[in-house]
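Chemist: Let's see this in three dimensions:
(one chain, ligands or ions: 1)
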Amino acid sequence: MRFTISKIQDMKRAGEKITMLTAYDYSMAKIVDEAGVPLILVGDTLGMVMLGYETTVPLTMEEMLHHAKAVVRGTKQSLIIGDMPFMSYQVSAADAMRNAARFMQEAGCQAVKLEGGVTVADTVKRIVDCGIPVMGHIGLTPQSIHQLSGHRVQGKTTDSARRLLNDALALEQAGAFAVVLELVPTLLARIITARLKIPTIGIGAGPYCDGQVLVIHDMLGLFTDFVPKHTKQYAKLAGVIKSAIGEYITETKSGVFPSSEHGSTMDEGLLKDL
Ligand code: KIV
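Modeler: Numbering: from 1, shown residues only. Alright, predicted model coming up:
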């Protein structure tokens with residue numbers, strides 16, 4: 001039985017912290033699911049950490065769906081959220097509804113996420129009215145990275161802080177079930193969290209959000225191009241993997257691998273006429 005939207009919202013009411021991690025493929029999603037993480041985001045960060053794009057902007061619906069399907073196949077308990085890629089929901093409400101529905105029908109996700117506040121509130125409402133749960137995402141919105149001139153903390157002036165609060169309230173009003181706060185000052189995230197009935201999920205937004213999200217490649221030390229300041233590396237797997245591969249090369253060259261236990265035997269007599 002998967003986590004449900006109402007269970008996630010109950011967690012806020014009960015003061016129980018919510019965890020969310022990204023996953024992009026079957027094997028990793030299976031591990032995250034079995035570890036008991038309630039929310040898995042098939043984030044558009046997959047464009048960077050899995051596909052090597054410089055930003056999330058080039059990612060397409062087809063690429064997202066390909067990975068979302070694999071994540072759904074690997075999971076039993078987590079609620080899976082498909083991240084709507086750049087320009088899959090901005091052009092028209094009809095586009096947004098059609099693409100949100102593809103995450104549900106083709107990939108088997110239980111919800112979608114999209115970036116923006118007041119400007120996308122009508123779109124969020126239209127999607128929610130179709131029966132598709134929507135998670136909002138405000139603060140640093142990576143699909144607008146060029147307009148925002150880089151990865152900067154958002155909401156640091158009174159005006160921009162007020163705009164972010166209004167964005168959060170507009171998303172709640174539109175029916176979003178939760179909202180990601182990315183790179184928002186701790187105090188502002190605390191105020192927004194207190195003003196909303198729906199859960200806030202923070203990334204680089206301090207400890208007062210109702211939950212936290214991390215990009216799995218960052219928290220496991222698998223993505224080595226750069227380490228975001230807000231990330232805590234719980235492991236350094238790139239190093240572990242490199243040394244395992246080094247050992248494999250050495251053992252193969254020296255003949256230690258494969259040993260008899262990695263092969264299979266047969267009756268020598270069967271081969272005497274070969
Ligand atoms: O795509 C993603 O991984 C995200 C998280 C950083 C929230 O949007």
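
Chemist: From now on I want contacts and neighbour counts done on CA atoms only, so please keep to that.
Modeler: OK.

Chemist: which residues touch Tyr24?
Modeler: Tyr24 sits next to Val42, Gly43, Leu46, Met50, His67, Ala68, Ala70, Val71 when contact means C-alpha atoms under 8 Å, 6 or more residues apart in numbering.

Chemist: Return only those of those found close to the ligand.
Modeler: Gly43 (C-alpha under 6 Å from any ligand atom).

Chemist: Could you dump the contacts of Tyr24 into a markdown table and include pLDDT?
Modeler: Compiled in a markdown table, the contacts of Tyr24 are given as follows (pLDDT from 0 to 100):
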| residue | pLDDT |
| --- | --- |
| Val42 | 98 |
| Gly43 | 98 |
| Leu46 | 97 |
| Met50 | 97 |
| His67 | 98 |
| Ala68 | 98 |
| Ala70 | 98 |
| Val71 | 98 |
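
Chemist: I only care about the contacts of Tyr24 that end up buried; give me the PyMOL line for that.
Modeler: In PyMOL, a selection of the buried entries from those looks like this (16 or more other C-alpha atoms under 10 Å):
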select buried, resi 42+43+46+67+68+70+71
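
Chemist: which among the contacts of Tyr24 gets closest to the ligand?
Modeler: Nearest to the ligand, judged by C-alpha to the nearest ligand atom, of those is Gly43 at 3.3 Å.

Chemist: which non-adjacent residue is nearest that closest one?
Modeler: Distance criterion C-alpha to C-alpha, 6 or more residues apart in numbering; nearest residue to Gly43, sequence neighbours excluded, is Asp83 at 5.1 Å.

Chemist: partners of that neighbour in the sheet?
Modeler: Lys113 (DSSP bridges).

Chemist: and this structure, which residues reach the ligand?
Modeler: Contact residues, the chain versus the ligand (C-alpha under 6 Å from any ligand atom): Thr22, Gly43, Asp44, Thr45, Val215.

Chemist: Quick one: these as JSON lines, columns for secondary structure too.
Modeler: Output for those, formatted as JSON lines (DSSP: H, G, I helix; E, B strand; the rest coil):
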{"residue": "Thr22", "secondary structure": "strand"}
{"residue": "Gly43", "secondary structure": "coil"}
{"residue": "Asp44", "secondary structure": "coil"}
{"residue": "Thr45", "secondary structure": "coil"}
{"residue": "Val215", "secondary structure": "coil"}
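
Chemist: For the stretch 1-150 of the chain, which segments count as strands?
Modeler: Secondary structure of the stretch 1-150 of the chain, counting by DSSP state E, counting those that start in this stretch: strands at 18-22, 39-42, 79-83, 111-113, 134-139.

Chemist: can you count the residues close to the closest residue to Ile198 other than its chain neighbours?
Modeler: With sequence-adjacent residues excluded and distances taken as C-alpha to C-alpha, 6+ apart, Ile198 is closest to Ala178, at 5.2 Å. Ala178 has 26 neighbours, counted by other C-alpha atoms under 10 Å.

Chemist: what sits against Ala178?
Modeler: By C-alpha under 8 Å, 6+ apart, Ala178 lies in contact with Gln9, Val134, Met135, Gly136, Glu172, Ile198, Pro199, Thr200, Ile201.

Chemist: Show me the beta-bridge partners of the second one.
Modeler: Same thing as Val134. Note on Val134: beta-bridge partners Val112, judged by DSSP bridges.

Chemist: contacting residues around it?
Modeler: Listed by C-alpha under 8 Å, 6+ apart, the contact set of Val134 reads Ala111, Val112, Lys113, Leu114, Val124, Ile127, Val128, Gly175, Ala176, Phe177, Ala178.

Chemist: Pull the distance from stretch 6-21 to the chain's centre.
Modeler: Centroid separation for stretch 6-21 versus its chain: 17 Å, with C-alpha atoms, centre = their mean, to the nearest Å.

Chemist: And for stretch 47-62?
Modeler: The answer for stretch 47-62 is 13 Å, by C-alpha atoms, centre = their mean.

Chemist: and it, how far apart are its ends?
Modeler: Using C-alpha to C-alpha, to the nearest Å, the end-to-end distance of stretch 47-62 comes out at 12 Å.
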